[in-house]
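1. Any chance you can model this:
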Amino acid sequence: MRRPEELLKRLAGPDAQFREHQREAITDLVDDRARVLCVQRTGWGKSAVYFLATSLLREQGAGPALIVSPLLALMRNQIAAAEKLGIRAHTINSTNRDGWDEVRQLLETDAVDLLLISPERLNNPQFRNSMLPLFAERVGLLVVDEAHCISDWGHDFRPDYRRLQEMLERLPQGVAVLCTTATANDRVVADVAEQLQLGGHAGALKTYRGPLGRKSLRLEVVDLPAQADRLAWLATHLPQLPGSGIVYTLTKRDADTVAEWLNGHGVPAEAYSGEVATERRVGVEERLLNNDLKAVVATSALGMGYDKPDLGFVVHYQAPGSVISYYQQVGRAGRAIERADVVLLRGREDRRIQDFFIEQAFPPKDRVDRVLEALDDDGGATTNELMGAVNLGKSRIEAMLKVLDVEGAVSRNGTRWTRVPGSDWTYDGDRYAHVTQLRRHEQEAMAAFGADGRCLMRVLLEELDDPDPQDCGVCAICTAPKFNGELDARLVREAALHLRSRPLILDVKKMAPDAEGKMKKLGDDVRSEEGRALARLGDGGWDPLIQAGRREGRFGDELVEAAAEAVRSWRAPVRWVAAVPSKRTGTLVPDFARRLAEALELPFHPVLQRVGDNPPQREMTNSVQQVANVRGEFAVTQGPPPGACLLVDDVRFSGWTLAMVAGQLRRKGSGPVHPLALSTAY
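-> Numbering: from 1, shown residues only. Below you'll find the predicted structure:
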């Protein structure tokens, strides 16, 4: 038996056979040490190509393989699979960066066959200085997994991938390179080749592009604008769907809400997001693999690379921002089974959340200029110091700096950033505008998905420039819907109550930034207590009534009673009520607070006055700007009464208004201050 076939059977089982293009790609990498791009459907077996190529190259005396992979879930799966071939695999990522010395020693003694790293490692100065030269000297195969991440035009562009150019420049001749993706259309394929400078390599880039259709997936779209309807749908249909699967949400908070609802209705489920601790994520992945869970309710953090061959269904609680992202996520299902159900539950809030992600992608030129100006000072600036100079959130500033670093405009030394002397970097507004325009086009295509009468699988294939898109013959358009029946009205009402059931906890602000962005501890004598909110902005519970009240200039009695019940169940020892005043909304909040005080049989004291006229807090995007925007805006006009205060506001954007007003009340002699907001943004 020929060696590649023998290795394939050891990896995938005795009946395994090469799929179209797998054998050819392996031959190119091993015999010709070529540079290869594989654009193949999810489940095609891209990992089999680089595992077998690694084994064969190592047998020929080549150095170890280096795989750049974006997700920890993929890394864990890959290491387990590599062991089937006797491949000695290790990983360096954010969870084990202390293991670099061990990996260095393994590389120096040729005791590792395959090393997986996250793209973030490529952007770490210590890694680039100490480890990258060693890799370039020893590596026998470079694999760029999920290569669409390199491209501005890809649905999941990641600046860290741009560091691969530096890696390629260091590679000696004769080192094979493999790029793989399932979600690259023509534009992305061309951009990937250009970004990686693959065309300049001796010998042409070899591209293997296969059909992307997935015959095992049955697609359907069900329009359910209200979240209560979607929760009722999940409780009705998930128990009937085959096996176990994934329910995708756009936000962590929705993942938590849906998982809690499902568990309450006898459907074993766990929430999964990038904010969940690594150990717990690993446990959730394993429970899903073992079918110990009916569903994992996940953000996109459980996406690329997660491999469960018998995954029976994928349901989207909300629509992602592009058809291409949707294809990538539904591709988790139906890899080794005859049929899997894929259902999109389109919601009212989808576009608002998609807009947020699109608008966060590229900061305006004026804010980039302000960051660069702040870095002109001697010694540069830390991220926190930059927050005081520019009205951008910390994560957006860090993302901006990462791009500027990769593009050669700034550099990092420890925690401080400085401008690169003599850099010719300029703000590429045209490129950013073109990418944003593309994102809007993708958003419109996603909005039309399932609404224009075309085969759902064909729509996905056409967006991905599949060479031969065909109608699938099994989706809800090609056949008939089966998941759009009437919902139980009682269950819908129960779901609505679930969305309104538990007030949200507002954490205590324990640290506050000074004018220079340095965080300082707040004393016990000025800190507020833990707070509560009835709803989150945009949710399907109380927030629609809250927004209606804001438009009408008066909150309804139902909200007064809901807030009173929340305070009673909270059992905060409040003795009087105050309101955060506003020049924009006039008597809206004081009127509500007064009626709430009556419902609680507590006195209302109008001890606060708005004296400034700074912009709305929602326009401030980081804590330094938010604190500065509140400072001096409110005054305590009379001595507050003794005892604990219930401090009422309508919408909490950052939490700093409530925190700083609470501090003013405490300084004037108030007892503990317990914040209550009707809606909170976080």
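2. Just after the helix or strand of the chain with the lowest mean pLDDT, pick out the following helix or strand.
-> In the chain, the helix or strand scored least confidently by mean pLDDT, DSSP states H and E is helix 72-82, which has a mean of 67. Counting by DSSP states H and E, the next helix or strand C-terminal to helix 72-82 is strand 89-92.
3. Just the CA coordinates for that following strand, please, in CSV.
-> Provided in CSV are the C-alpha atoms of strand 89-92 (Å, rounded to 0.1, in the frame of the first residue of the first chain):
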residue,chain,number,x,y,z
ALA,A,89,2.2,18.2,18.3
HIS,A,90,2.5,21.2,20.6
THR,A,91,0.8,24.6,20.8
ILE,A,92,1.6,28.1,21.9
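4. buried stuff in the helix or strand following that strand?
-> Next helix or strand after strand 89-92 toward the C-terminus (DSSP H and E): helix 100-108. The neighbour-count check on helix 100-108 (16 or more other Cβ atoms under 10 Å) flags Trp100, Val103, Leu106, Leu107 as buried. Where you see a C-beta, it was placed from the backbone N, CA and C, and this is true even at glycine.
5. Which strands or helices does helix 100-108 pack on?
-> When contacts are defined as 3 or more Cβ pairs under 8 Å, 6 or more residues apart in numbering; DSSP states H and E, helix 100-108 packs onto strand 89-92, helix 132-138.
6. Skip ahead from it and say which helix or strand is next.
-> Heading C-terminal from helix 100-108, the first helix or strand you meet, by DSSP H and E, is strand 114-117.
7. buried set for that following strand?
-> For strand 114-117, using 16+ other Cβ under 10 Å, the buried residues are Leu114, Leu115, Leu116, Ile117.
8. Partner strands of that strand, with direction?
-> According to DSSP bridges, strand 114-117 forms sheet pairs with strand 65-68 (parallel), strand 89-92 (parallel).
9. With mean pLDDT, distance to Ala597 and mean neighbour count added, can I get these in TSV?
-> Listed next are the strands paired with strand 114-117 as TSV, based on pLDDT from 0 to 100; distance: least, Cβ to Cβ, whole Å; neighbours: other Cβ atoms under 10 Å:
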stretch	mean pLDDT	distance to Ala597	mean neighbour count
strand 65-68	90	59	26
strand 89-92	80	58	21
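10. can you tell me which of those strands comes nearest to Tyr432?
-> Minimum separation from Tyr432 across those (Cβ to Cβ) falls at strand 65-68, 24.9 Å.
11. Mind listing residues that contact that closest one?
-> Residues from elsewhere that reach strand 65-68 (Cβ atoms under 8 Å, 6 or more residues apart in numbering): 50, 53-54, 57, 78, 113-119, 122, 135, 139-145, 161, 164.
12. for stretch 18-34, same thing?
-> 4-5, 8, 36, 38, 40, 44-45, 48-50, 52-53, 56-57, 60, 141, 174-178, 203, 206, 208, 210.
13. how about the strands in the stretch 251-400 of the chain?
-> Ranges of strands within the stretch 251-400 of the chain are 269-272, 295-298, 313-316, 340-346, 381-382, based on DSSP state E, counting those that start in this stretch.
14. Which one, of the ones you listed, ends up nearest to Leu217?
-> The closest of the strands of the stretch 251-400 of the chain to Leu217 is strand 340-346. By Cβ to Cβ, the value is 5.1 Å.
15. Just the CA atoms of the closest one, as CSV, please.
-> These are the backbone C-alpha positions of strand 340-346, laid out as CSV (Å, rounded to 0.1, in the frame of the first residue of the first chain):
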residue,chain,number,x,y,z
ALA,A,340,-28.8,17.8,9.2
ASP,A,341,-31.3,20.6,9.8
VAL,A,342,-30.1,24.2,9.5
VAL,A,343,-32.6,26.9,10.5
LEU,A,344,-32.2,30.7,10.5
LEU,A,345,-34.6,32.5,12.9
ARG,A,346,-34.4,36.0,11.6
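16. counting contacts, what elements does that strand pack onto?
-> Looks like strand 340-346 contacts strand 217-223, helix 227-237, strand 313-316 (3+ Cβ pairs under 8 Å, 6+ apart).
17. quick revisit: go through the buried residues of helix 100-108 and name the one nearest Ser216.
-> Nearest to Ser216 among the buried residues of helix 100-108 is Val103, at 38.6 Å by Cβ to Cβ.
18. Got the confidence number for the residue nearest to Glu275 when sequence neighbours are not counted?
-> Among residues not flanking Glu275 along the chain, Lys252 sits closest, at 5.6 Å (Cβ to Cβ, 6 or more residues apart in numbering). pLDDT for Lys252: 89.
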